[in-house]
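S.K.: coordinates only, sequence not included:
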């Protein structure tokens, strides 16, 4: 009898282990699918989030379901004396969920917590010069994305990103794009894609666009993508994500190839909202 119980337990364990994602998604569907934002929350987004105002009704409904899931599944922590409230969490969650509008749950698999500072903050940094001398100093930062699943954001800059919806700068878009990049286990500017063919096309198009940005900057030529994108491939992906969402028509006109590549990855066309 004991052996039979152990065998049954082992079978249940194996089934649950291999079907855990399906079990978890079934639980989430029952818990969140019919939940939505209340009127007060929707009005807050209409006031502070221009991209939410411009969305189609169908996309807005999908975004709202994602926000409900995100607010319940991710942890928010106030830092440096910042007292968090529901409105702060709502705006961060809404911006973050735009990037994964047409992605299935779980959203941002690796993200565990979001740390919010009142404004730009100091962070320790280690650097090594050509002689091998290591120095320690503090740098001022607006945000960070850590591969371990922690994001750090300046609340002031989160608000600025939504206050100026067409300047190509949005801190939440930028840092959460890094998280999509880091889902591969590395920070390379290449997120998880569907096939080898997709990776080959991504490498070709992004390498060309990244080098084009560096060339334009070297010769003082105008460019639709912010110069910070030339720092490295990872920053290029984060910066061009901001451009894609906030200056979609300009980006498509400037570089239609990379624009359509981003439409394929993000699975929506922001021009439809503008």
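M.R.: Cool, the structure landed. Nothing here was measured: the structure is a model prediction, and the numbers come from that model.
S.K.: please make it C-alpha for all contacts and neighbour counts, starting now.
M.R.: Will do.
S.K.: and the helices in this structure?
M.R.: Using DSSP state H, the helices assigned to the chain run over residues 2-18, 20-32, 39-48, 50-54, 57-73, 86-98, 155-163, 171-182, 196-218, 233-246, 248-254, 256-266.
S.K.: for the ones you listed, give me TSV that also has distance to residue 120, mean neighbour count and mean pLDDT.
M.R.: TSV is the format used below for the helices of the chain (distance: least, Cα to Cα, whole Å; neighbours: other Cα atoms under 10 Å; pLDDT from 0 to 100):
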stretch	distance to residue 120	mean neighbour count	mean pLDDT
helix 2-18	43	11	54
helix 20-32	34	13	70
helix 39-48	20	14	96
helix 50-54	23	18	95
helix 57-73	24	18	96
helix 86-98	16	20	98
helix 155-163	8	19	96
helix 171-182	11	25	98
helix 196-218	27	14	96
helix 233-246	19	24	98
helix 248-254	28	17	96
helix 256-266	29	16	97
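S.K.: including distance to residue 80, could those helices go into a markdown table?
M.R.: Below are these laid out as a markdown table (distance: least, Cα to Cα, whole Å):
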| stretch | distance to residue 80 |
| --- | --- |
| helix 2-18 | 40 |
| helix 20-32 | 32 |
| helix 39-48 | 24 |
| helix 50-54 | 28 |
| helix 57-73 | 22 |
| helix 86-98 | 15 |
| helix 155-163 | 11 |
| helix 171-182 | 19 |
| helix 196-218 | 36 |
| helix 233-246 | 26 |
| helix 248-254 | 36 |
| helix 256-266 | 34 |
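S.K.: between those, which gets nearest to residue 79?
M.R.: Using Cα to Cα as the measure, helix 155-163 is the one of the helices of the chain that comes nearest residue 79, at 10.3 Å.
S.K.: residues contacting residue 143?
M.R.: Neighbour list for residue 143: 120, 151-154, 171, 175 [criterion: Cα atoms under 8 Å, 6 or more residues apart in numbering].
S.K.: out of the residues you listed, list just those in strands.
M.R.: 151-154 (DSSP state E).
S.K.: residues in contact with residue 141?
M.R.: 120-123.
S.K.: how much space separates residue 268 from residue 193?
M.R.: 15 Å (Cα to Cα, to the nearest Å).
S.K.: to clarify, my last question referred to residue 225.
M.R.: 23 Å.
S.K.: so between those two, which is more surrounded?
M.R.: The neighbour comparison of residue 225 against residue 193 (other Cα atoms under 10 Å) goes to residue 225, with 23 against 12.
S.K.: surely the more buried one touches residue 241?
M.R.: No. Using Cα atoms under 8 Å, residue 225 is not in contact with residue 241, being 9.6 Å away.
S.K.: right, and residue 64 touches residue 36 too?
M.R.: Yes. Between residue 64 and residue 36 there is a contact under Cα under 8 Å: 6.1 Å.
S.K.: what number of residues lie near residue 150?
M.R.: So residue 150, with other Cα under 10 Å, has 17 neighbours.
S.K.: for it, which non-adjacent residue is closest in space?
M.R.: Once flanking residues are discounted, residue 150 sits nearest to residue 113: 5.1 Å by Cα to Cα, 6 or more residues apart in numbering.
S.K.: quick one: contacts for the one you found?
M.R.: 74-77, 149-151.
S.K.: go with 10 Å
M.R.: Residue 113 is in contact with 73-77, 148-152, counting by Cα atoms under 10 Å, 6 or more residues apart in numbering.
S.K.: just the buried ones from those, in ChimeraX syntax?
M.R.: The ChimeraX selection below is limited to those of those classed as buried (16 or more other Cα atoms under 10 Å):
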select :76,149,150,151,152
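S.K.: just curious, which of the contacts of residue 113 is nearest to residue 29?
M.R.: Among the contacts of residue 113, and counting by Cα to Cα, the member closest to residue 29 is residue 73, at 13.2 Å.
S.K.: now the residue positioned nearest the centre of the chain. Nearest residue, chain neighbours left out?
M.R.: Geometric centre of the chain, nearest residue: residue 176, 2.2 Å, by Cα atoms, centre = their mean. Spatially, and ignoring its direct neighbours in sequence, residue 176 is nearest to residue 96 (6.3 Å; Cα to Cα, 6+ apart).
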